[in-house]
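Participant: here is my input, please return the structure:
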Amino acid sequence: MKNVAIISGASSGLGSEFVVAVLEKYAIFGSGNLEYSKGKIIEPTFENLQDSIKINEIWLIARREKSKYHLDLNALESKYSGVKFVYFSLDLGQDSSFITLQNALNNGKPNVRILINNAGFERDGAFINMQNSDIITLLDLNIKGATLLSKIVLPFMLENLEVFKEKVIESNLQNPQDSIESKLQNSQVLDKKITESTSQDSIKNSKNPNILDKEITAFIVMVGSVSGFAPIPNQAVYAASKGYIEYFSKALAFELKDSNVNVLLFCPGNMDTEMNSRADTISRGGKFSKLPFLNIKKETRIILQKAERGEKIYTALPFYKFYRFLSKIIPNNIIMKFNKY
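Facilitator: Here you go, the predicted structure:
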């Protein structure tokens, strides 16, 4: 059975650090995961591992070719020899990329345990001066790319997909005249129909295909930004795109609250990455160059732990947490005077 992690924007920066972190924590084979009995290697199965989330295949999505990754892929493939590495050289701003991924999912029928929705694009400056091509790329990648990747992967993450879909249909009001009481009654009837199909003993001792298991066995990490907390002059399009990611992530997490899939929104501040290096940020000057930088090696490990535990949102470092708080209580027209890029 293929248990897969999918990471977009995997070739450098935050994405490449997620690759290492996911392998360290969830690879079913690799250093520390093999058991020995009477001199023989006993390969662990998913059932006898304590963690409910384990992978034996990882899909890495990036625009650049494998040879141009900012990772020692040969070393990783050697260390995690039981994990199959699959590389997709795709631009998630292009519709054809999703056809390729959809075909790969349909053909392989994997159990996707982890989706790191990390690919992104940033351009700043006054809106009137932005290139049309940059605006299109930013919107395509940050909004369309993240949304469609989630859409095509999610069915391969949900356990008991058809039961979940049926519960969603039953939980919605079928017409404006339906009452809340009717809605609840329909849901209760469906729950009763499902639970009557198996005994209480079998529920306790095995996973029944008709029961929605609320244990988290898969998760999505959506990479947003502190830029999405409030409008930012001279970063208008990028900030708006990350605002979309925030609302999309929260709504999706709510829709999936009764499933086995958790959605965590990660809102980073300054990071020393290829897209926005520490040197470039400091050289541009201004107040943003004085803001704290994240330790992405540390933060990626924290994020995975929080996502697995069922947390919904994570903002790193006290400064950015405080900014998030202020952005919720201070009117936008005031806060924009201070956060102009």
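Participant: would you mark the buried spots in stretch 247-266?
Facilitator: 248-249, 252-253, 256, 259-266 (16 or more other Cβ atoms under 10 Å). Where C-beta positions appear, they are placed from N, C-alpha and C, glycine not excepted.
Participant: among those, which are located in strands?
Facilitator: Secondary structure from DSSP state E places 261-266 of the buried residues of stretch 247-266 in strands.
Participant: which residues does Glu308 contact?
Facilitator: Residues near Glu308 by Cβ atoms under 8 Å, 6 or more residues apart in numbering: 53, 216, 219, 262.
Participant: disregarding flanking residues, what is the spatial nearest neighbour of Asp124?
Facilitator: In space, not counting the residues next to it along the chain, Asp124 is nearest to Gln235; the distance is 4.5 Å by Cβ to Cβ, 6 or more residues apart in numbering.
Participant: so how far is the longest helix along the chain from its chain's centroid?
Facilitator: The helix that spans the most residues within the chain, counting by DSSP state H, is helix 236-255. Computed by Cα atoms, centre = their mean, to the nearest Å, the chain-centroid distance of helix 236-255 equals 12 Å.
Participant: elements contacting that helix?
Facilitator: In terms of contact count using 3 or more Cβ pairs under 8 Å, 6 or more residues apart in numbering; DSSP states H and E, helix 236-255 is assigned the packing partners helix 132-139, helix 146-153, strand 218-223, strand 261-267.
Participant: again, 6 Å this time
Facilitator: Identification of packing neighbours for helix 236-255 by 3 or more Cβ pairs under 6 Å, 6 or more residues apart in numbering; DSSP states H and E yields strand 261-267.
Participant: name whatever forms a beta bridge with the residue nearest the centre of the chain.
Facilitator: Within the chain, one residue has its C-alpha closest to the average C-alpha position: by Cα atoms, centre = their mean, that is Val221, at 2.2 Å. When assigned by DSSP bridges, Val221 has beta-bridge partners Ile116, Leu264.
Participant: so it makes contact with Ile116?
Facilitator: Yes. Taking contacts as Cβ atoms under 6 Å, Val221 lies within contact range of Ile116: 4.9 Å.
Participant: follow-up on the earlier one: can you give me phi and psi for the residue nearest to Asp124?
Facilitator: Dihedral angles of Gln235 (phi, psi; degrees, to the nearest 10) stand at phi -140, psi 40.
Participant: let me have the ones in strands among the buried residues of stretch 247-266 in CSV, extended by pLDDT and distance to Gln305.
Facilitator: Formatted as CSV, those follow (pLDDT from 0 to 100; distance: Cβ to Cβ, whole Å):
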residue, pLDDT, distance to Gln305
Val261, 97, 17
Asn262, 98, 12
Val263, 98, 15
Leu264, 98, 10
Leu265, 99, 15
Phe266, 98, 12
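Participant: ok, those vs Gly243, which is closest?
Facilitator: Closest approach between those and Gly243, by Cβ to Cβ: Leu265, at 11.4 Å.
Participant: residue contacts, the closest residue to that closest one other than its chain neighbours?
Facilitator: With sequence-adjacent residues excluded and distances taken as Cβ to Cβ, 6+ apart, Leu265 is closest to Ser249, at 3.9 Å. Taking Cβ atoms under 6 Å, 6 or more residues apart in numbering as the criterion, Ser249 is in contact with 222, 263, 265.
Participant: do that again at 10 Å, thanks
Facilitator: Counting by Cβ atoms under 10 Å, 6 or more residues apart in numbering, Ser249 touches 117, 146, 150, 220-224, 228, 263-267, 312-313.
Participant: so how far is Ser225 from it?
Facilitator: In this structure, Ser249 lies at 12 Å from Ser225, with Cβ to Cβ, to the nearest Å as the measure.
Participant: kindly report the same for Ser89.
Facilitator: With distances defined as Cβ to Cβ, the gap from Ser89 to Ser225 amounts to 25 Å.
Participant: on the three-state scheme, Leu304 is what?
Facilitator: Using DSSP: H, G, I helix; E, B strand; the rest coil as the criterion, the local structure at Leu304 reads helix.
Participant: list the contacts for it?
Facilitator: 18, 21-22, 24-26, 53, 114, 116, 219, 221, 264.
Participant: kindly recompute the last result at 6 Å.
Facilitator: By Cβ under 6 Å, 6+ apart, the neighbours of Leu304 are 21, 25.
Participant: report pLDDT for it.
Facilitator: The predicted local confidence for Leu304 comes out at a pLDDT of 98.
Participant: could you pull out the strands in the stretch 51-200 of the chain for me?
Facilitator: 57-62, 84-89, 111-117 (DSSP state E, counting those that start in this stretch).
Participant: Ala218 against Arg113, yeah?
Facilitator: Yes. Using Cβ under 6 Å, Ala218 makes contact with Arg113 at a distance of 4.9 Å.
Participant: got the phi/psi numbers for Phe293?
Facilitator: Residue torsions, per degrees, to the nearest 10, at Phe293 are phi -100, psi 140.
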